[in-house]
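Enquirer: following is a predicted model, sequence given first.
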Amino acid sequence: MISTYILDAGNLLLRWLHVIAAIAWIGESIYFVMLDNSLRAPRGQHARQLGVHGEMWAVHGGGFYHNQKYLTNPAELPDDLHWSFWKAYTTWLSGFALFAVMYLYRPEFYLVNPGSSWAWAASLTGMQANVLAVAFLVLGYIVYSQLCRRISPTMQRDGLLSVAVGVMMVVVAYLSVHIFPGRAAFLITGALMATCMSANVFFWIIPGQRRMVAALKAGQKPDPLDGMRGKQRSVHNTYFTLPVVLLMLSNHYSFIYTGPWAWIIMCLFIFAGALIRQYFVLRHMGRNRPVYPLVGVILLVLALWLAAPASPPAQASAQGNDIARVQSIMTARCVQCHSAAPTYEGFTAPPAGMVFDTQAQTVLHATQIKQVVASSYMPLGNLTKMTEEERAAIAAWTGRP
């Protein structure tokens, strides 16, 4: 009991830290993208002589700000430079720790997918599923990095690289949904994108900036590729941001990941987020292109249409309409966890606050029950051995008392 409480408390604190770090990182990232794209050519002759590449005037918080950007030739380089990396590292480290506590700690619940159409995936053990989940993050970043290095090493073919990364995400979405349960698949895909973002900071952006600073302090000319490569990876991080946030939130909405079109829905969310982000990037440049958010919204509507539950059968069987029959299934297969007093080891409270102890409580959550049971997502790992006949009875239930 105490160990379960400690696990839940650690989960809470890790989630809090993760959200705070992510807000700080994403907020700073979005600010610098806005700043970079809002710069205008310096107006004063003195600024141009000093090598100012661009500048922006802003008003905020009762004061005025004058931002200036130099490329690799500032007149002076102070020792108290502002570096942006700890927020990125803290976001990834806290996120992975949360993933370990939530998913890797109980892979038989959250990572094993006995309903997979791929026999080898359906037969994975908990440990094998853990190894495969971590491998997704590591190998996914390696593939992404190799695409960057081979397709556009000098940043001359970034358009083609963007297409390749888009194709990669489609493949990742397809594989993850067919290997892992839908909820885990969406989270792992988002975690892969977040891993690429953090790794971009750790392996490319910050080392390149350190080399540039060292060269300037030594009186040497910095390698322009360091700056160009850092900009390339920063741009990728910009377009990953909105899809990652959406994928991380998806685990609260089972209708998104339990249907037969889950991997397509995931792709639509990813590309919708990137298109909406593109709109704001262009707005900072003074170019209004409403077609981008319009197409993004269309993709989101299409995703929600694909995720919509099927209409109940016109004539449900008498057994299917019987709440007493449904409640008996809940009692046999679900209340071990979904109860005011869970009996399953490791649970001190019902998941998602859903309690099925009484018929009235079951009817209250009828839509969610029918969806996750029909898709075989619940019970998790089918640890309570729900039969196909029982699933059919719930699918035929009208959802009424």
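Expert: Everything's here; your move.

Enquirer: helices along the stretch 1-150 of the chain, start to end?
Expert: In the stretch 1-150 of the chain, the helices defined using DSSP state H, counting those that start in this stretch lie at 2-38, 45-49, 86-99, 107-110, 119-122, 126-151.

Enquirer: residue ranges in the stretch 51-200 of the chain under the pLDDT threshold?
Expert: For the stretch 51-200 of the chain, no stretch has pLDDT under 70.

Enquirer: residue 222 is nearest to which of the helices of the stretch 1-150 of the chain?
Expert: helix 2-38 (17.9 Å; Cβ to Cβ). C-betas here are computed from N, CA, C, even on glycine.

Enquirer: quick check: buried residues in the closest one?
Expert: Within helix 2-38, the residues scored as buried using 16 or more other Cβ atoms under 10 Å are 7, 14-15, 17-18, 21-22, 24-26, 29-30, 33, 35-38.

Enquirer: and what of stretch 342-362?
Expert: Neighbour-count burial for stretch 342-362 flags 342, 344, 347, 350, 354, 355, 356, 357, 361, 362 (criterion: 16+ other Cβ under 10 Å).

Enquirer: again with stretch 279-289
Expert: 279, 280, 281, 283, 284.

Enquirer: do stretch 248-264 as well
Expert: 248, 250-251, 254-259, 261-264.

Enquirer: got it, and stretch 87-104?
Expert: Buried residues in stretch 87-104 (16+ other Cβ under 10 Å): 87-88, 90-92, 94-99, 101-104.

Enquirer: then stretch 199-211?
Expert: 199, 200, 201, 204, 205, 206, 208, 209.

Enquirer: give the contact list for the residue lying closest to residue 90 once chain neighbours are set aside.
Expert: In space, and not counting its chain neighbours, residue 90 is closest to residue 21: 4.0 Å by Cβ to Cβ, 6 or more residues apart in numbering. Counting by Cβ atoms under 8 Å, 6 or more residues apart in numbering, residue 21 touches 87, 90, 91, 94.

Enquirer: look up how far residue 245 lies from the third one.
Expert: Relative to residue 245, residue 91 is positioned 11 Å away (criterion: Cβ to Cβ, to the nearest Å).

Enquirer: likewise the second one?
Expert: When distance is defined by Cβ to Cβ, residue 90 is 16 Å away from residue 245.

Enquirer: picking up where we left off before, in strands only, show me the buried residues of stretch 342-362.
Expert: Judged by DSSP state E, strands contain none of those.

Enquirer: need these in TSV (columns: distance to residue 324).
Expert: Shown next, in TSV, are the buried residues of stretch 342-362 (distance: Cβ to Cβ, whole Å):
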residue	distance to residue 324
342	23
344	24
347	26
350	22
354	20
355	18
356	14
357	15
361	14
362	11
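
Enquirer: closest one of those to residue 146?
Expert: residue 347 (42.3 Å).

Enquirer: what about the closest residue to that closest one other than its chain neighbours, neighbour count?
Expert: By the measure of Cβ to Cβ, 6+ apart, the closest residue to residue 347 outside its immediate chain neighbours is residue 337, 5.3 Å from it. Neighbourhood size, residue 337 [other Cβ atoms under 10 Å]: 24.

Enquirer: show the contacting residues for residue 337.
Expert: 344, 347, 350, 351, 379.

Enquirer: what's the answer for residue 266, then?
Expert: Contacts of residue 266 by Cβ under 8 Å, 6+ apart are 173, 176, 177, 185, 186, 189, 247, 257.

Enquirer: could you measure it against residue 260, distance?
Expert: On the measure of Cβ to Cβ, residue 266 and residue 260 end up 13 Å apart.

Enquirer: picking that back up, give me the subset of the buried residues of stretch 248-264 lying in helices.
Expert: Those of the buried residues of stretch 248-264 mapping onto helices are 248, 254, 255, 256, 257, 262, 263, 264, per DSSP state H.

Enquirer: nearest to residue 150 among those residues?
Expert: For these, the closest approach to residue 150 (Cβ to Cβ) belongs to residue 263, at 26.0 Å.

Enquirer: tell me if I'm right that that closest one and residue 174 touch.
Expert: Yes - contact criterion Cβ atoms under 8 Å: residue 263 and residue 174 qualify, at 4.8 Å.

Enquirer: which non-adjacent residue is nearest residue 268?
Expert: Distance criterion Cβ to Cβ, 6+ apart; nearest residue to residue 268, sequence neighbours excluded, is residue 303 at 4.0 Å.

Enquirer: the protein - how does it break down into domains?
Expert: Domain assignment of the chain by automatic domain parsing yields the ranges 89-307, 318-396.
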